[in-house]
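Sequence and predicted structure, then a few things I'm wondering about:
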Amino acid sequence: MPSLSSTKYGQLSWLETFGMFASVIPLPISIIWSVVTSAYASYNKTRSLKRIASDTIMRHMLGRLSVPQLQAIVGTTMTAYEKFCRANNLPLIIDELGEDARLLWLGPKRLEHVVLYIHGGGFILAPGDTALEFWRRSQQELNKQNIEVSIVMLNYSLIPDASFPTPLRQAALAIEFLITAGVKPQNLQLVGDSAGGNLVLQVLSHMLHPLGSVPEIRLATPLRGILLISPWTTLSATNKPLSSYTENEGRDCVTQRIFSRWGALVLADVVQADRPFVEAVHAPDTWFEGADTLVERVLITGGGLEVLRDDIIAVGQSFQRHHRGAELVVQEDGIHDDMFNELAVNERKCSLTPLIIGWLATGFRTDNTN
């Protein structure tokens, strides 16, 4: 059974601390090699040299560092939130949910139109600055369109502090809190990227197939929408030799080996009967039957250069069989969480960015209840 060297988030031994710094030594060679060998490849035709270098750095660090080492570098969700708010002169607005979960508001707390963001990170890492920056900019763009939207992020527990179904329980508490506070389901859109997309699907799965250990989610009306960005839908990637795993190895910022290693940590605490909750791509064909009664609109996005591409397409097509309002969009030259990664080099080329903002805007404009 896979395990971590530490039972506490981000805790390092002196040897792991030394190894963390040592892992940086070969990084310049990796960057130079990647730029030289792939700068003129067709799949990098829209990428600048600094973007290629940035993606290489991410792939190198994620592949070489252990989970505790990565956690030590990234920090916790609370520290990421506090740092981002300080840098952007935003107030800290926090709602405690219980069970070590909380809602973190990016900007003003309004209840008329709300986007609940569930961050990715393989259930082991806090969100990066670029994810928070993306949603803050998206909020500003929506405000320019006279759509006052509040963005709130779920601070849920990560491995090794907690395992399935704890994050699902915390997500259920978050939705219950927002509904009780006065947010109407038709004014609420759930968004998740990567593992966050997995957790959004867990929420929907729980609404369709209730888990006894998780609070029931009761909605008077369907949710306005759910948005899944590069959703991580299979945690046992080594058992599915899809073409995108080999075709996009070295092109994406994450590798099959990384997803497999992290997925094994998550699956270690999931019994076989509950696997459809965390691996939607392996769920029965009828698993999402009835989803159209729970959520009005669904958008699933991915990148053509993702190792997860084929899984994303499979889940999207399966979802479309049960929901007429489900859309699947694959960005031709996009990688995993492409719109976040480009912000690391201050670029705004990702075609999914305006699509996502427009999709959210349309969802809130169709609200005639206020």
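Looks like it came in fine. Residues are numbered from 1 along each chain as shown.

now the end-to-end length of stretch 121-140.
24 Å (C-alpha to C-alpha, to the nearest Å).

Pull out the buried residues from it.
For stretch 121-140, the neighbour count (16 or more other C-beta atoms under 10 Å) marks 121-128, 130-136, 138-139 as buried. Every C-beta, even on glycine, is put in place using the N, C-alpha and C of the backbone.

taking the mean pLDDT, what do you get for that stretch?
In this model, stretch 121-140 has a mean pLDDT of 97.

Kindly report the same for stretch 185-201.
Mean pLDDT, computed over stretch 185-201, is 99.

from the chain's centre, how far out does it sit?
9 Å (C-alpha atoms, centre = their mean, to the nearest Å).

Equivalent analysis for stretch 13-32, please.
Relative to the centre of its chain, stretch 13-32 is centred 26 Å away, using C-alpha atoms, centre = their mean.

buried ones in that stretch?
For stretch 13-32, using 16+ other C-beta under 10 Å, the buried residues are Glu16, Met20, Ser23, Ser30, Ile31.

swap in stretch 174-190?
174-175, 177-179, 183-190.

Give me the contact list for the strand ranked longest in the chain.
The single longest strand within the chain, with elements called by DSSP state E, is strand 295-303. Contact with strand 295-303 is made by 186, 204, 222-231, 252, 291, 308-309, 312-313, 315-316, 319, 323, 325-331, 333-336, 338, 352, 355-356, 359, 363, as judged by C-beta atoms under 8 Å, 6 or more residues apart in numbering.

For the helix or strand following it, name the packing helices and strands.
Note on strand 295-303: by DSSP states H and E, the next helix or strand toward the C-terminus is helix 309-320. Counting contacts by 3 or more C-beta pairs under 8 Å, 6 or more residues apart in numbering; DSSP states H and E, helix 309-320 packs against helix 243-247, strand 295-303, strand 326-331.

Please enumerate residues in contact with the first one?
When contacts are taken as C-beta under 8 Å, 6+ apart, the neighbours of helix 243-247 outside the stretch itself are Ala237, Gln256, Glu306, Val307, Leu308, Arg309, Asp310, Asp311.

quick one: low-confidence parts of the protein?
Across the chain, the ranges flagged by pLDDT under 70 are 1-6, 237-242, 367-370.

Please, where are all the strands along it?
Along the chain, the stretches classed as strands by DSSP E are 93-98, 101-106, 114-118, 150-155, 188-193, 223-229, 295-303, 326-331.

closest to Ala280 out of the ones you listed?
strand 223-229 (9.5 Å; C-beta to C-beta).

Residues in contact with that closest one: which ones?
By C-beta under 8 Å, 6+ apart, the residues outside strand 223-229 that reach it are 185-194, 196-197, 200-201, 204, 294-301, 337, 339, 352, 356, 359-360, 363-364, 366-367.

Filter those residues down to the buried ones, PyMOL style.
A single PyMOL command selects the buried members of these (16+ other C-beta under 10 Å):
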select buried, resi 185+186+187+188+189+190+191+192+193+194+196+197+200+201+204+294+295+296+297+298+299+300+301+337+339+352+356+359+360+363+364
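
picking up where we left off before, of the buried residues of stretch 13-32, closest to Pro68?
Glu16 (6.1 Å).

returning to that earlier point: are any of the contacts of strand 295-303 buried, and which?
For those, buried by 16+ other C-beta under 10 Å: 186, 204, 222-231, 252, 291, 308-309, 312-313, 315-316, 319, 323, 326-331, 333-336, 338, 352, 355-356, 359, 363.

quick revisit: quick check: which of the strands of the chain is nearest to Pro68?
strand 150-155 (19.7 Å).

Partner strands of that closest one and their direction?
Sheet pairing of strand 150-155 (DSSP bridges) gives strand 101-106 (antiparallel), strand 114-118 (parallel).

out of these, nearest to Arg64?
Ranking those by proximity to Arg64 (C-beta to C-beta) places strand 114-118 first, at 27.3 Å.

Can you show me the helices along the stretch 1-150 of the chain?
For the stretch 1-150 of the chain, the helices defined by DSSP state H, counting those that start in this stretch cover 14-22, 27-38, 49-64, 67-74, 77-87, 129-144.

pull the CA atoms of the second one into CSV?
Think helix 27-38. Taking Å, rounded to 0.1, in the frame of the first residue of the first chain, the C-alpha atoms of helix 27-38 are listed here in CSV:
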residue,chain,number,x,y,z
LEU,A,27,17.0,22.0,-13.6
PRO,A,28,19.0,24.4,-15.9
ILE,A,29,20.0,21.5,-18.0
SER,A,30,16.4,20.3,-18.3
ILE,A,31,15.2,23.7,-19.3
ILE,A,32,17.9,24.2,-21.9
TRP,A,33,17.3,20.7,-23.3
SER,A,34,13.6,21.2,-23.5
VAL,A,35,13.8,24.6,-25.2
VAL,A,36,16.4,23.3,-27.7
THR,A,37,14.6,20.1,-28.6
SER,A,38,11.0,21.3,-28.6
